[in-house]
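Peer 1: could you look at this predicted model? Sequence included:
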Amino acid sequence: MVWMLGGDGTDRMEGLSDGVFAIVLTLLILQFNVPDVSGAELPAALADQETLLISYLLSFLVVGLYWVVHHNLFQHIVGHDRVLLWLNLLFLLSISFLPYPTEILGVYGTQFAWSLYATNLALVGIILSTIWTYAARTGMTSDAIDDQVAMLITIRGLLAPLVFLISIGVATVTVTVAFFVPLLIIPLQALWVRYYRHVTGELAPGSPLEQPP
């Protein structure tokens, strides 16, 4: 009974998650250092930080997207138990680790650095999808979520991890192209939204495009 201890509401989970997201978004910018060079050398020194800037922008956008998705999903997760609490902590662990591979990628820009970075982001998406799937299968979602909707949302959640895993293979050929592979998430998400609307006639709970109630 102690193991299955749970209850209604997810306010404390969401509060902790929002705090972690805020800290991670702040830590991402702390990887930058103002170059200690003369004024004449400053443009070249800033140009040397190009990869660092790209990795920062990509990470900020992805973390922001996951915050929106996490927020919207938890509008439809109405209960919790210990398993869900630990799954959410595991998700926060994967998010909080992200500034480290982001800086490694920005400094080195190698195939290994991209693989570490993309693996981290893939795990973030996989764990978040696991949270949703577990909540749906254990009856901790709102009455508006039926089995079909829950499955479709799970599929959407796995699109981004799939793209990042594909990018690891691309990085073995060229790291430069791997940086652009995550852009595939945009058309894939758009296709998924179109399919979801075709099947259900409405916008999906948990979609980053969903309007707040």
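Peer 2: Received it, and whenever you're ready, just let me know what you need.

Peer 1: drop to CA atoms for contacts and neighbour counts, all remaining ones
Peer 2: OK.

Peer 1: list phi and psi for the nearest residue to residue 141 once chain neighbours are set aside.
Peer 2: Of all residues not flanking residue 141 in the chain, residue 77 sits nearest, at 4.3 Å (C-alpha to C-alpha, 6 or more residues apart in numbering). Dihedral angles of residue 77 (phi, psi; degrees, to the nearest 10) stand at phi -100, psi 110.

Peer 1: same check on the one 4 residues further on?
Peer 2: Dihedral angles phi and psi of residue 81 (degrees, to the nearest 10) take the values phi -140, psi -180.

Peer 1: can I assume residue 33 sits in a helix?
Peer 2: No. With DSSP: H, G, I helix; E, B strand; the rest coil as the criterion, residue 33 is located in coil rather than a helix.

Peer 1: where's it relative to residue 80, distance?
Peer 2: According to C-alpha to C-alpha, to the nearest Å, residue 33 and residue 80 sit 42 Å apart.

Peer 1: what ranges does this structure have for its strands?
Peer 2: 6-8, 79-81 (DSSP state E).

Peer 1: now residue 126: how far from residue 29?
Peer 2: 25 Å.

Peer 1: the two: which is more packed in?
Peer 2: residue 126 (19 against 16; other C-alpha atoms under 10 Å).

Peer 1: if I look at that one, what pLDDT would I see?
Peer 2: pLDDT for residue 126: 97.

Peer 1: contacting residues around it?
Peer 2: 157-158, 161 (C-alpha atoms under 8 Å, 6 or more residues apart in numbering).

Peer 1: deepest-packed of the strands of the chain, please.
Peer 2: Among those, ranked by average contacts under mean count of other C-alpha atoms under 10 Å, first place goes to strand 79-81 (a mean of 19).
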